[in-house]
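# I'd like to go over a predicted model; first the sequence, then the structure.
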Amino acid sequence: MGNGLRAIKLRRYIMGWINYFKIADMKKLLLATDEWMRRRIRMIFWKQWKRVRTRFKMLQSLGVHKQKAWEYANTRKSYWRTSNSPILARTLKNDVIKGFGFLFFSEYYRQVKA
């Protein structure tokens, strides 16, 4: 499944869920869910970049120095552990994820409540 299609499906799910439960005050729950979801999205991207060469190229395209990109691309850590690493948090920032079309629960909740 492509990232565009994944973003559209996730957007529909979030919009429906928030519109159904918008009466409730669930700010803390949504913030925690957003944190988990962003980590999950980072993990999916890391998993899609299966080969070391691809990871190296993508990290460089996101602005990581060549030496560090090669070092991080060769990691043996699990997908989930890597998704919480500082390197992915710095390269796949929340703005970058939003740029791919993803929507976050707390962001949409604020729009609906206003």
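Everything's here; your move.

# list the contacts for residue 102?
Residue 102 sits next to 7, 10, 11, 41 when contact means Cβ atoms under 8 Å, 6 or more residues apart in numbering. Glycine gets a C-beta too; all of them are placed from N, C-alpha and C.

# filter these to the buried ones?
7, 10, 41 (16 or more other Cβ atoms under 10 Å).

# Among these, which one lies nearest to residue 56?
Checking the buried ones among the contacts of residue 102 against residue 56 by Cβ to Cβ gives residue 41 as the nearest, at 20.5 Å.

# Run through the chain and note the low-pLDDT ranges.
Low-confidence segments of the chain (pLDDT under 70): 1, 113-114.

# What residues sit buried inside the longest helix along it?
Taking DSSP state H as the criterion, the chain has its longest helix at helix 27-48. Residues 30, 33, 34, 37, 38, 41, 42, 43, 45, 46 are the ones in helix 27-48 that count as buried (16+ other Cβ under 10 Å).

# pull the CA atoms of the next helix or strand after it into PDB?
The C-terminal neighbour of helix 27-48 among helices and strands, as given by DSSP states H and E, is helix 52-61. Taking Å, rounded to 0.1, in the frame of the first residue of the first chain, the C-alpha atoms of helix 52-61 are listed here in PDB:
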ATOM      1  CA  VAL A  52      20.700  -0.400   3.500                       C
ATOM      2  CA  ARG A  53      21.300   1.500   0.200                       C
ATOM      3  CA  THR A  54      17.700   2.800   0.200                       C
ATOM      4  CA  ARG A  55      17.900   3.800   3.800                       C
ATOM      5  CA  PHE A  56      21.200   5.600   3.200                       C
ATOM      6  CA  LYS A  57      19.800   7.400   0.200                       C
ATOM      7  CA  MET A  58      16.500   8.400   2.000                       C
ATOM      8  CA  LEU A  59      18.300   9.600   5.100                       C
ATOM      9  CA  GLN A  60      20.600  11.800   3.000                       C
ATOM     10  CA  SER A  61      17.600  13.200   1.100                       C
END
